[in-house]
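[1] Here you go, sequence then predicted model.
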Amino acid sequence: MTRIGPNTVLPARRTPVVLTTADGERLAGELALPPESDPIATVVLLHPNPTGGGSMDTHVIRKAAARLPALAGIATLRFNTRGTSSESGTSTGTHDNGGTERHDVAAALEFVADLPDIWLVGWSFGTDLVLMHGLHPSVTGAVLLAPTLRRSRPDHLAAWATSGKPLRCLVPELDDYVRPAAARTRFAAIPQAEIIEFPACKHLFVGQADQALDAVVDFISPTTPTPLPREW
């Protein structure tokens with residue numbers, strides 16, 4: 001067996017995809033399915049802010065797509081939001097700070113509509129996209145990594161509260177935007193929101209990506225053993 005490292009890409013049925021939005025943008029992405037079986041669940045991954053270098057290739061997003069299909073039987077869809085470019089591809093359009101990105105989220109959910117048990121996993125800017133635009137009938141629930149609450153409004157939180165959909169928030173102890181105590185206060189508006197503190201962790205989850213993925217899988221697929229294997 002070999003240790004699973006930062007750049008390890010485990011087996012999966014991977015397909016480069018292009019998502020077409022309702023307003024005509026073309027978004028570069030990748031669908032990854034379990035290598036030999038149907039997926040037990042589906043995760044749509046929403047990346048950090050591209051103005052700060054975030055993309056579908058940012059490390060936790062990339063590692064989720066590289067590992068979850070093989071280790072947990074979970075399908076992943078990652079993509080670059082409008083105006084975002086990375087080594088995996090370039091999406092047309094212009095970054096809109098979460099506004100017209102509603103079309104990007106909708107296109108992603110339409111793309112995976114035939115896959116089972118759809119969850120959203122957002123990181124940083126991606127958490128605002130989840131809260132603002134992810135409350136769709138097809139979505140089971142969501143996981144937020146380092147939520148910023150910079151764009152989400154009280155009415156977005158109220159809508160999630162009313163939906164009753166499960167929500168887990170992974171909040172770094174040393175986060176740049178919202179730390180655990182503030183997260184507990186602000187997410188009190190969503191009674192079902194679960195706050196998990198990541199001690200000695202900063203916004204980028206450097207050194208704690210493995211634990212973050214464990215917390216994602218444990219929430220969306222409780223029957224899957226965690227921690228996930230660290231060797232393959």
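    The structure has been received and is ready for your questions. Numbering: from 1, shown residues only.
[2] what sits opposite residue 123 in the beta ladder?
    Applying DSSP bridges to residue 123 gives these bridge partners: residue 145.
[3] That one and residue 143 touch, don't they?
    No: contact criterion Cβ atoms under 8 Å: residue 123 and residue 143 do not qualify, at 9.2 Å. Every residue, glycine included, has its C-beta placed from N, CA and C.
[4] okay, those two: which has more neighbours?
    Taking neighbours as other Cβ atoms under 10 Å, residue 123 and residue 143 compare with residue 123 leading, 29 against 26.
[5] dump the residue contacts of that one.
    Applying Cβ atoms under 8 Å, 6 or more residues apart in numbering to residue 123 gives the contacts 45-48, 54, 58, 60-61, 144-146, 205.
[6] Who wins on neighbours among those residues?
    Within the contacts of residue 123, residue 46 tops the neighbour count with 32 neighbours, counted by other Cβ under 10 Å.
[7] quick one, phi psi at that one?
    phi -120, psi 120 (degrees, to the nearest 10).
[8] give me every residue that touches it.
    Contact partners of residue 46, counting by Cβ under 8 Å, 6+ apart, are 81, 105, 120-123, 125-127, 129-130, 134.
[9] Any chance of TSV for the residues you listed, columns pLDDT?
    Converted to TSV, the contacts of residue 46 look like this (pLDDT from 0 to 100):
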residue	pLDDT
81	98
105	98
120	98
121	98
122	98
123	98
125	98
126	98
127	98
129	98
130	98
134	98
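[10] if you look at these, which of them are in strands?
    Under the assignment DSSP state E, the contacts of residue 46 contribute 120-123 to strands.
[11] Find the nearest non-adjacent residue to the spatially most central residue of the chain, please.
    Geometric centre of the chain, nearest residue: residue 121, 2.3 Å, by Cα atoms, centre = their mean. Spatial nearest neighbour of residue 121, chain neighbours left out: residue 143 (4.7 Å); criterion: Cβ to Cβ, 6 or more residues apart in numbering.
[12] Just to be sure, that neighbour is in a strand?
    Yes: Residue 143 forms part of a strand when assessed by DSSP: H, G, I helix; E, B strand; the rest coil.
[13] what about it, distance to residue 74?
    12 Å (Cβ to Cβ, to the nearest Å).
[14] Residues touching whichever strand or helix holds residue 214, excluding its own?
    Taking DSSP states H and E as the definition, residue 214 sits inside helix 209-220. Identification of contacts with helix 209-220 by Cβ under 8 Å, 6+ apart yields 6, 41, 43, 59-60, 63-64, 67-68, 71-72, 74, 117, 119, 121, 140-141, 143, 145, 166, 168, 170, 194, 196, 198, 205, 224, 226-228, 230.
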